[in-house]
Every structure is written in C-alpha cells, then in structure tokens.
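Visitor: whatever this is, show me its structure:
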Amino acid sequence: MREHGAVHLERAVDDYAAHLAVERGFSAHTVRAYRSDLEQLSVFAAERGIRDTDDLDLELLRDWLWQGSQAGLAKPTLARRSASARGLTAWLFRDGAVAKDVGARLTSPKTDHRLPRVLTRTQMDSMLDALVLLAAEGDPLALRNLAIVELLYASALRVSEVTGLDLGDIDLDRLTVRVLGKGSKERVVPFGVPAKNAVADYLTRGRRELLAQGSPTTSALFLGARGARVGTRSVYSLVARLLEGLPGSGSSGPHTLRHTAATHLLDGGADLRAVQEMLGHASLGTTQIYTHVSAERLKESYGRAHPRA
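Guide: Purely as a prediction, here's the structure:
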C-alpha cells in the first residue's frame, strides 16, 4: 500500500493496464479494450479540468457514460465502459492512491439479453463438407482452413486459443489439445476423429509448404500464407465468409462455432458441468445460457412438428 496522494490520471491508467496484464493475467485484447475506455475517460476528465485521481467523482463517471449514451454507443459498450471505470477506481482505492472508491456505486446499463447464434447440425455438416472438397485439392491454406474449423467446432475453442496453439499443444494419439484460456488458465480439451484427420492432413501436406514461406523455427501450429503464426483476424475473416450465406442472425465470427459446439453437446446429453470445464468458463452461470438455447430450439421444433402445437 502506498500513501494516499494525487496521481495523474493518465499515469494511473497506464499502471492499471499493466496490473491487468501482469498481475491479473488478462488477455492482450481485454487489456486494450479497458485501456481504450479509460484513455477516453482521461480525455473527458481533462476537458473538465480534472487530471488527477483525487478529483474523480461519481458524477463525472456518470456524465461520461451519459455522453457515450447520447453519442449512440451500444449498451454492451456502455456496460464495458462502466466496468472499466469501476475496475480502475476499485484498484486505486485498494492500492491506497485514493481515500474512497468513487466508482463503487456506478451502475451499468441493462443490456438486451439475446441468445447467441447457433448453427444446426445440417448447416455445420454442409460447411465442413464444402471445406473438405476444397482441401481435397491439396492447397495448403485449404487444408489449414479445414483443420481450424474442425478444431473450433470439435473443441469449442476461442479464436485466440486456436491461433495461440503450438505444435506441442496437440496430441493426436490421445485426441486432446492443451489451450491457454482467459486469465492464463490452462485446460485440456478433447476433440474427435474428423478433427484429428483434418489436423494430421494439414501437418503432413499443408504446414510444411506454408513453413517454407517464413521462419523454419516457428512452433506455431497454424500458419498464415507467409509462414508466420496465423492471426485472429484471418480466422475471423475465414469464418465470416463461411457463415455469410447461411440463414440466421447474430454474430458471424468464430464464436458462433463455439456457441454451436456447446449447444450441440448439451443437445446430445452432455453434463452441464462437463461443458463448463470444456469451455473454460469460471462460472456455471455463463454456461447455462446454452441450456436456454437448447430449450428455445426444442420449442421451435415442437411448434413446427407437433400437430397440436
């Protein structure tokens, strides 16, 4: 604990971002989002003559959120801004930089709870069949794309987890993959034979050609066209293209495949806690959203099929 005393707000934001990355183990993406929010708060405060942490108050924080609301920011963005501000003020208070946690009573706007987008099994089969046909020609990127999508769906991985995989993380004999999730928490996740075959084929016929375009020493499992580790943006683009022609509203990124995998597991009778462990959720409540998805899908099927619906 340091003694209470004024700290420049911009310096406090830098220190808090470092705290999130080093001590809390937050992902680089999350740290960037929090830093961006708080840097905007610093600008907003400076425009009102507030530059030190001592001068922060609840009214300023509420005004900042109100300004964002008037500018048309979405409710999830405002909720994240609120969480960023509360996290900063709570940390400043715990660290002894301020005498009071002024953000403790800052509330988040209620977000619209929409169920995540989930593909049907027929849609998933069609998507994977199309990728299999492309990979059959032996193009290294097509082989890689099939392996990535198979693994995303088979193991319900986050896109950052897939792009962060190294060669030593995947065990084709045991059909398991070791991933580093949120908060630097490691878990081991199973996958099936189709994913095994796709990854093995990529390693045999695709990765070697891609490796020739870049560093021969990289340990990354999935490579880009230039031989370096594939980036999350490339995987987002890949999945977005695949989802473009499919019916359904909602997210068109890799997280849709994670939602789909979790829902299909529960549809097939998997235990909720087992799915929680597989997804790497800290709270069972986060996983329970997929039980609601399954219930909604059941109601839709009932409405279409039952003569007395």
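Visitor: A85 and A45, how far apart?
Guide: 11 Å (C-beta to C-beta, to the nearest Å). Bear in mind the C-beta positions are built from the backbone N, C-alpha and C, glycine included.
Visitor: so R178 sits in a strand?
Guide: Yes. Assessed by DSSP: H, G, I helix; E, B strand; the rest coil, R178 belongs to a strand.
Visitor: list the contacts of the residue lying closest to it once chain neighbours are set aside.
Guide: Leaving aside its sequence neighbours, R178 sits nearest to D169 (C-beta to C-beta, 6 or more residues apart in numbering; 4.6 Å). Each residue near D169 by C-beta atoms under 8 Å, 6 or more residues apart in numbering is listed here: 177-179, 221.
Visitor: got it, and Y153?
Guide: Counting by C-beta under 8 Å, 6+ apart, the residues that Y153 touches are 124, 128, 195, 257, 260-261.
Visitor: for those, give me a markdown table that also has neighbour count, pLDDT and distance to Y153.
Guide: Shown next, in a markdown table, are these (neighbours: other C-beta atoms under 10 Å; pLDDT from 0 to 100; distance: C-beta to C-beta, whole Å):
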| residue | neighbour count | pLDDT | distance to Y153 |
| --- | --- | --- | --- |
| M124 | 18 | 93 | 6 |
| L128 | 18 | 96 | 8 |
| A195 | 25 | 96 | 8 |
| L257 | 30 | 93 | 5 |
| T260 | 24 | 91 | 7 |
| A261 | 23 | 90 | 5 |
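Visitor: give me the subset of these lying in helices.
Guide: 124, 128, 195, 257, 260-261 (DSSP state H).
Visitor: domain-wise, how is this structure divided?
Guide: 9-94, 121-305 (automatic domain parsing).
Visitor: picking that back up, now a PyMOL select for only the buried ones of the contacts of D169.
Guide: Typed into PyMOL, the next command selects the buried ones out of the contacts of D169 (criterion: 16 or more other C-beta atoms under 10 Å):
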select buried, resi 177+179+221
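Visitor: got TSV for the contacts of D169, with pLDDT and distance to P116 too?
Guide: Shown next, in TSV, are those (pLDDT from 0 to 100; distance: C-beta to C-beta, whole Å):
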residue	pLDDT	distance to P116
V177	95	23
R178	95	26
V179	92	20
L221	96	26
